[in-house]
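> Pasted the sequence and its predicted model underneath.
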Amino acid sequence: MEFRSLREPDLTQLLALYRQLDPKDKETLLTDAATRWRQIRNIPGSDIIVGCLDGRIVTSCTLIVIPNITRGGSPYALIENVVTDAACRNRGFGKTLLQQAAQRAWDAGCYKVMLLTGSNKPETLAFYEKAGFEQNKTGFQMRRLPPRTE
């Protein structure tokens with residue numbers, strides 16, 4: 001398994017993997033994906049991280065490093081869009097991916113790394129805990145689009 005930053009030629013594979021997040025979700029055009037990928041890369045420390053098996057992207061997450069004024073000016077990080085190909089789950093790829101993302105956040109000077117999940121499935125919550133995350137805050141959100149279904 002190779003973990004690395006997404007490259008522009010990978011976008012088609014990434015979009016196919018994202019369909020597993022919610023097959024009913026509105027599809028993103030490749031040109032729009034390229035624009036958004038460039039915007040993410042322009043935020044210092046931020047990236048889309050992928051795990052490749054035999055040259056194929058099988059796991060991915062987005063890491064956003066957010067500048068901050070509290071905590072001595074230390075930034076914090078948000079992880080979103082965590083997905084592993086259904087055929088490759090329960091093999092440790094997602095856990096390693098999240099650990100890689102957290103290490104990048106630490107390397108960027110972040111004092112914490114956060115992620116949210118809409119899932120209440122015990123196996124999903126256990127997955128995040130095994131990757132080193134604690135469920136110890138209450139999250140609130142406002143949405144313009146409905147949440148994903150499980």
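Noted; the coordinates are in hand.
> CA only for contacts and neighbour counts going forward, please
Will do.
> partner strands of the lengthiest strand in the chain, parallel or antiparallel?
For the chain, the strand reaching the highest residue count under DSSP state E is reported as strand 56-66. If you go by DSSP bridges, strand 56-66 pairs up with strand 47-53 (antiparallel), strand 76-84 (antiparallel).
> Can you pull out the low-pLDDT segments for this protein?
Applying pLDDT under 70 to the chain flags the ranges 148-150.
> now the helices for it?
In order along the chain, the chain carries the following helices (DSSP state H): 11-18, 30-41, 93-107, 122-130.
> Could you say which of those helices is packed most deeply?
With neighbours defined as mean count of other CA atoms under 10 Å, the helices of the chain peak in mean count at helix 93-107, which reaches a mean of 20.
> Show me the beta-bridge partners of the most centrally placed residue in the chain.
In the chain, the C-alpha closest to the average C-alpha coordinate belongs to Cys61, at a distance of 2.3 Å (CA atoms, centre = their mean). Counting by DSSP bridges, Cys61 forms beta bridges with Ile49.
> need the contact list for it.
When the contact criterion is CA atoms under 8 Å, 6 or more residues apart in numbering, the partners of Cys61 are Ile48, Ile49, Val50, Ile79, Glu80, Asn81, Val82, Val83, Leu97, Leu98, Ala101.
> Report the buried members of the residues you listed.
Members of the contacts of Cys61 that pass the buried threshold by neighbour count (16 or more other CA atoms under 10 Å) are listed as Ile48, Ile49, Val50, Ile79, Glu80, Val82, Val83, Leu97, Leu98, Ala101.
> Quick check: of those, which lies closest to Asp22?
Sorting the buried ones among the contacts of Cys61 by how near they are to Asp22, with CA to CA, puts Val83 at the top with 10.4 Å.
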